[in-house]
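[1] Below are the sequence and a predicted model; questions follow.
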Amino acid sequence: MLNQSAPLDLLFQALADPTRRLMVERLSRGPASVSELAQPLAMSLPAVLQHLQVLETSGLVRSQKTGRVRTCRIEPTALRTAEQWISERRAHWERCFDRLGDYLAEHPDDPQKGNES
């Protein structure tokens, strides 16, 4: 489990920052150059590059340099990994709540529920 969690840790760490989430959101609409990604941000180009490095290390973003332009694009596989992890957690809790609902339906007068006088 530890080996599987390392990439997921990097992914969620990358998404924890609002600037990087903005970059991912922009890239989800299509590829963009580094300067296009930097344009709406109130930070230096080196700071933008540091954020992009974190996104690339996490596997969320891939970039390619052609001439003087570095173009970035989203890596959908990484997003699917996060989505799968979240879905598995959701399914687990839904099963737990379903079992709790079944139990409460079968035991409507159970004093453990707080219906004591």
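    Cool, the structure landed.

[2] And the helices in this protein?
    With DSSP state H as the criterion, the chain has helices at 2-15, 18-27, 34-38, 45-58, 76-106.

[3] list the helices and strands the third one packs on?
    Contacting helix 34-38 under the criterion 3 or more CB pairs under 8 Å, 6 or more residues apart in numbering; DSSP states H and E are the following elements: helix 18-27, helix 45-58, strand 69-74. C-beta: built from backbone N, CA, C; applies to glycine.

[4] Can you give me the buried ones in that helix?
    Residues V34, L37, A38 are the ones in helix 34-38 that count as buried (16 or more other CB atoms under 10 Å).

[5] neighbours around the residue nearest to L60 when sequence neighbours are not counted, how many?
    Ranked by CB to CB, 6 or more residues apart in numbering and with sequence neighbours excluded, the top spatial neighbour of L60 is A78, at 4.7 Å. When neighbours are counted by other CB atoms under 10 Å, A78 registers 22.

[6] Please report how far A78 lies from V24.
    10 Å (CB to CB, to the nearest Å).

[7] Which residues are in contact with each of those two?
    L60 (CB atoms under 8 Å, 6 or more residues apart in numbering).

[8] give me the low-pLDDT residue ranges for the protein?
    1-4, 110-117 (pLDDT under 70).

[9] show me the contacts for the residue nearest to L60.
    The contact partners of A78, by CB under 8 Å, 6+ apart, come to L11, S58, G59, L60.

[10] Distance check, the first one against E36.
    Look at L11 and E36: by CB to CB, they are 23 Å apart.

[11] same check, this time on L45
    In terms of CB to CB, L45 sits 12 Å off from E36.

[12] Just the CA coordinates for stretch 24-41, please, in PDB.
    C-alpha atoms of stretch 24-41 as PDB (Å, rounded to 0.1, in the frame of the first residue of the first chain):
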ATOM      1  CA  VAL A  24      -4.900  22.500 -13.800                       C
ATOM      2  CA  GLU A  25      -8.300  24.100 -14.400                       C
ATOM      3  CA  ARG A  26      -6.900  26.100 -17.200                       C
ATOM      4  CA  LEU A  27      -5.100  23.200 -18.800                       C
ATOM      5  CA  SER A  28      -8.200  21.100 -18.600                       C
ATOM      6  CA  ARG A  29      -9.600  23.400 -21.300                       C
ATOM      7  CA  GLY A  30      -6.600  22.600 -23.500                       C
ATOM      8  CA  PRO A  31      -2.800  23.000 -23.800                       C
ATOM      9  CA  ALA A  32      -1.200  26.300 -22.900                       C
ATOM     10  CA  SER A  33       2.300  27.800 -23.000                       C
ATOM     11  CA  VAL A  34       4.000  28.800 -19.700                       C
ATOM     12  CA  SER A  35       3.500  32.400 -20.500                       C
ATOM     13  CA  GLU A  36      -0.300  31.900 -21.100                       C
ATOM     14  CA  LEU A  37      -0.500  30.100 -17.700                       C
ATOM     15  CA  ALA A  38       1.500  32.900 -16.000                       C
ATOM     16  CA  GLN A  39      -0.500  35.700 -17.500                       C
ATOM     17  CA  PRO A  40      -3.400  35.800 -15.000                       C
ATOM     18  CA  LEU A  41      -1.200  35.100 -12.000                       C
END
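
[13] Alright, I will stop here.
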